[in-house]
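> Predicted coordinates and the sequence they were generated for:
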Amino acid sequence: MQLPKDVCMGALRVTLTGNSEVWIENYRGILEYTGERILLQARTCQVCLEGSRLSIDYYTNEDMKISGNIVSLTYI
Amino acid sequence: MTEWLKRLRGYVKIIVWGFAPQRFINLCSNKGILLWNIEKQDDVYIMCVSLESFYRLRSIARKTKVRVVISERYGLPFFLPHLQRRKAFLAGLVLTVMFWIVSSMFVWDIQISGNCVITDDMIFQFLEQEGIQMGMRKSNLDIGELEKQIRRQFPQVTWTSGRLMGTRLLLELKENDAPIPEDTQGADAIIGRDLVAEYDGVITDMIVRSGIPQVTIGSQVAKGDLLVDGKVPIYAEDGTIREYRMVTADADIRMEHSGHFRIFLPEDYILKKYTGREKTGYFMRLGDREWKQAQKVSFLQYDSILNTHSMKILKMFGINGTFGKITYREYQKTEYLRDDSEAKEILQEKISDFLESLGEKGVQIISKDVKIETKCNGWVAHGELVVQEKVGTQVDTTQKED
């Protein structure tokens, strides 16, 4: 059975809309948050979002939405 | 939608700062507390949290060694206690809502449309007799029964439709457009009516629908002569007249006759000459009442020009309201004299208008002989016309009974 990896392995799911909005699911928590950089902890890696005027529109246990001027997204 | 729900339940904007604000955010999400609009400003974090969840933040704040301060409050739970202090406002608000609810239980306007022969007054009078008037309760109104009553009361109404639109009762009627057939058994049948000639002339065409014709095509008739007799003889088997049946004579009779006309045009005429002096005022009308800007018009002769605008918003409440500007323009009556060519031009125009109006009435002009002459203090246009037109005036048969 071909199950999606985010369901069976808990892999991070990132949805980017242009460079202004991003939806992130399956994360563990926030490690760092400033207006220029947001560092998130996932199950197997870390994700670093860099840009300017970054803000979190909402933040729940399931998903979050970040908006602002996104310059880069890096897996660490 | 979610914004309305949030506002209904109430939420606060908080400022968070201290040892581990990121951990504070993480713990909040782990405990199922929704945070939104999270922003970092200098050394502090600003975010929104529902009022319900705000009381659960104490333990998390203590654990993460951060300080939480409310910066702004939003929503109904914060608005209501604030409102409680303003008792008069609250009472006014409650009274307004109550008044609005109670008022909507009554009929405040009645509009009738589609009536042509039956006047509004007749219908309003009937409605009043039936107990239907402005200010009555909507629940006491039986529209189906009212429609039946209208049709019963006014036989010429063939269709009615009533409906309530808010507090307005709309009544639509349809009257019988077909001509009412002549009652031959009525009063006319006893009296009977003849057709008589209005002019001296020659009959050119004749179609008789009812009655006995007394003339034929080509007959020379004089004014007042009988054209169609409304007294129809009924013969017995032996050929004698048994009785007369009175009918209303009906016929299309065309007659050729001559006529004369005369148009006089005086030499002098008076025109208004505006002096250019004007005064302006404003006015307002609400129903039958009128308010005018008080001012003295010192002009001897003046025209009042009204520029009105209706207040559409008041029309929605059934009130007829207008406002506008009144301009008073002063003038002086000045006497002018016409010259010959001008007078002839005016007279020609008047003659052609007169002939045109005859044509519109169904009068056919066979020949015309028009002359324009100068008389004392003016001009006279006179002429002889030979025309062909429909004739026949009804008169009571009994007057001519032999």
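The structure has been received and is ready for your questions. Numbering: from 1, shown residues only, chains lettered A, B, ... in the order given.
> Now do B:Val16, the pLDDT please.
Note on B:Val16: pLDDT of 93.
> That should have said A:Cys8, apologies.
69.
> number of nearby residues for the residue lying closest to B:Ser29 once chain neighbours are set aside?
Nearest residue to B:Ser29 in three dimensions, chain neighbours excluded: A:Asn61, at 4.7 Å (CB to CB, 6 or more residues apart in numbering or on different chains). Yep, even glycine has a C-beta here, placed from its N, CA and C like the rest. For A:Asn61, the neighbour count with other CB atoms under 10 Å in any protein chain shown is 15.
> cool, B:Arg62 as well?
By the criterion of other CB under 10 Å, B:Arg62 has 9 neighbours.
> can you pull the contacts of the residue nearest to B:Ser29?
By CB atoms under 8 Å, 6 or more residues apart in numbering or on different chains, the contact list for A:Asn61 reads B:29-30, B:32.
> does it count as helix, strand or coil?
What DSSP: H, G, I helix; E, B strand; the rest coil gives for A:Asn61 is coil.
> ok, now B:Gln125?
Three-state call for B:Gln125 (three-state DSSP): helix.
> what's the answer for the one 10 residues further on, then?
State at B:Gly135, reduced to three classes by three-state DSSP: coil.
> Surely it and B:Trp108 touch.
Yes: taking contacts as CB atoms under 8 Å, B:Gly135 lies within contact range of B:Trp108: 7.1 Å.
> The two: which has the busier surroundings?
Taking other CB under 10 Å, B:Gly135 and B:Trp108 do not tie; B:Trp108 has more neighbours (16 against 7).
> leaving aside the residues next to it on the chain, what's closest to the more buried one?
B:Thr167 (4.3 Å).
> likewise B:Leu34?
Residue nearest to B:Leu34 in three dimensions, not counting chain neighbours: A:Thr60, with 5.7 Å by CB to CB, 6+ apart.
> Can you give me the neighbour number for that neighbour?
15.
> can you tell me which residues contact it?
Contacts of A:Thr60 (CB under 8 Å, 6+ apart): B:29, B:32, B:34-35.
> again, but for A:Ser20
A:Ser20 makes contact with A:67-70, according to CB under 8 Å, 6+ apart.
> Tell me which residue is most central in the chain.
Just going to use chain A. With distances taken as CA atoms, centre = their mean, A:Ile24 lies nearest the centre of chain A, 4.0 Å away.
> The chain in question should be chain B.
B:Ser113 (9.1 Å).
> Wait, that residue touches B:Leu169, no?
No: if you go by CB under 8 Å, B:Ser113 and B:Leu169 don't touch, sitting 11.7 Å apart.
> Distance check, the residue lying closest to B:Leu146 once chain neighbours are set aside against B:Leu355.
Excluding its sequence neighbours, the residue lying closest to B:Leu146 (CB to CB, 6+ apart) is B:Gly162, at 5.6 Å. With the distance defined as CB to CB, to the nearest Å, B:Gly162 ends up 51 Å from B:Leu355.
> As CSV, the contacts of A:Asn61 with distance to A:Leu54, pLDDT and secondary structure would be great.
Output for the contacts of A:Asn61, formatted as CSV (distance: CB to CB, whole Å; pLDDT from 0 to 100; DSSP: H, G, I helix; E, B strand; the rest coil):
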residue, distance to A:Leu54, pLDDT, secondary structure
B:Ser29, 17, 90, helix
B:Asn30, 22, 90, helix
B:Gly32, 24, 90, coil
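> top of these by neighbour count?
If you rank the contacts of A:Asn61 by neighbour count (other CB under 10 Å), B:Ser29 sits at the top with 20 neighbours.
> that older thread, go ahead and confirm the residue nearest to B:Leu146 touches B:Lys148.
No: contact criterion CB under 8 Å: B:Gly162 and B:Lys148 do not qualify, at 10.4 Å.
> Please say which of these two ends up with more neighbours.
More crowded of B:Gly162 and B:Lys148, by other CB under 10 Å: B:Gly162, with 20 against 12.
> residues touching that one, list them.
Each residue near B:Gly162 by CB under 8 Å, 6+ apart is listed here: B:143, B:146-147, B:169-172.
> What parts of chain A come near chain B?
Within chain A, the positions lying close to chain B (CB under 8 Å from any CB of the partner chain) are A:29-35, A:54-61.
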